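Peer 1: I would like to see how this sequence folds:
(one chain, ligands or ions: 1)
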Amino acid sequence: MASHLETTAISLSRELGTLDLGGRLALVAGADGRAVFTTSLGIEDQVITAAIGLNRLPIEVATLDTGRLFKETAELIGETEDRFGIEIVRFHPLKDEVDEYAARYGLNGFYESVEARHACCGVRKLKPLARALEGASFWITGLRRGQSGSRAETPFAEYDAERNLIKVNPLADWDIRALRAYVADNAVPVNPLHARGYPSIGCEPCTRAIKPGEPERAGRWWWENDEKRECGLHVPEAAIPSLNSSSL
Ligand code: SF4
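Peer 2: Now for the predicted structure:
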């Protein structure tokens, strides 16, 4: 039988589909429970941050400062805070866990195996994410259906059983042209790497520019041979065996 949160997510998803971006975020901000938006400073997330800041919505904005970000990304955090007068709370990996990872796999061990890569994302992203979402009822993300085949069915809202909250994807039906138009209309600062061939930007050692005609996320963990490669933030841990078996 569907839980209360599951049925709430289904009806919320329907309602969100009838609203524009500001309306979608306002609906979540006005609902019972804490709403947390996690930004990676990509163009999608910059648009959501702008909509939160410009509309003064009571939504917490957080970012996962993995310690391996591009310099351009790190600089954009402060620039975005200044532009919209908001605080972006930084969540860092724990030093002991990073040290344990490095001792076991090597600091850049993520190139050697999928298991090592998932373990690094676990320490630098998943664990800080869990801290960012502690006690939250809603988790707002910048996922879009057009980003990759594995995201093609992204709903506006869905029940996240692993974290027992409702995940909200207010840009699910947006395309890149709509994002660029919003950025231009609202003077939204964006990562200069986008103009250098990086539509999707993660940690520096794990992101490359894409070639013409490649999918938007082809530059993420490019050395892995798996169409559905993700860091684990947006797929259940059960689908990532090494995250379950790893003690890190
Ligand atoms: S993207 Fe790369 S550097 Fe960043 S947490 Fe994952 S494996 Fe580690």
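Peer 1: okay, CA-based contacts and neighbour counts for the rest of this
Peer 2: Will do.
Peer 1: give me the three-state assignment for whatever residue of the chain ends up closest to the ligand.
Peer 2: With CA to the nearest ligand atom as the measure, Cys121 is the residue of the chain nearest to the ligand, at 3.6 Å. Assigned with DSSP: H, G, I helix; E, B strand; the rest coil, Cys121 falls in the helix class.
Peer 1: make residue 1 into 217 and carry on from there
Peer 2: Done: numbering now begins at 217, and the last item shifts to Cys337.
Peer 1: so what's the residue count around it?
Peer 2: 23 (other CA atoms under 10 Å).
Peer 1: got it, and Glu350?
Peer 2: Residues lying near Glu350 (other CA under 10 Å) number 12.
Peer 1: for it, pull up the helix or strand it's in.
Peer 2: Using DSSP states H and E, Glu350 sits in no helix or strand.
Peer 1: contact partners for the spatially closest residue to Ser256 that is not a sequence neighbour?
Peer 2: The shortest distance from Ser256 to any non-neighbouring residue, by CA to CA, 6 or more residues apart in numbering, is to Thr279 (6.1 Å). Thr279 makes contacts with Thr254, Thr255, Ser256, Ile304, Val305, Arg306, Phe307, as judged by CA atoms under 8 Å, 6 or more residues apart in numbering.
Peer 1: number of residues surrounding the second one?
Peer 2: Other residues within reach of Thr255 by the criterion other CA under 10 Å amount to 23.
Peer 1: wait, isn't it in contact with Val277?
Peer 2: Yes - between Thr255 and Val277 a contact is recorded at 7.0 Å, counting by CA atoms under 8 Å.
Peer 1: shared neighbours of those two, anything?
Peer 2: Thr265.
Peer 1: to which secondary structure element is Arg306 assigned?
Peer 2: Assigned by DSSP H and E, Arg306 falls in strand 304-307.
Peer 1: strands paired with that strand, and their directions?
Peer 2: Using DSSP bridges, strand 304-307 pairs in its sheet with strand 276-280 (parallel).
Peer 1: send me the partner strand as PDB with only the CA atoms.
Peer 2: Presented in PDB, the C-alpha positions along strand 276-280 are these (Å, rounded to 0.1, in the frame of the first residue of the first chain):
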ATOM      1  CA  GLU A 276      17.500  26.600   2.500                       C
ATOM      2  CA  VAL A 277      20.200  26.500  -0.100                       C
ATOM      3  CA  ALA A 278      23.100  24.100   0.400                       C
ATOM      4  CA  THR A 279      26.100  22.900  -1.600                       C
ATOM      5  CA  LEU A 280      28.400  19.900  -1.300                       C
END
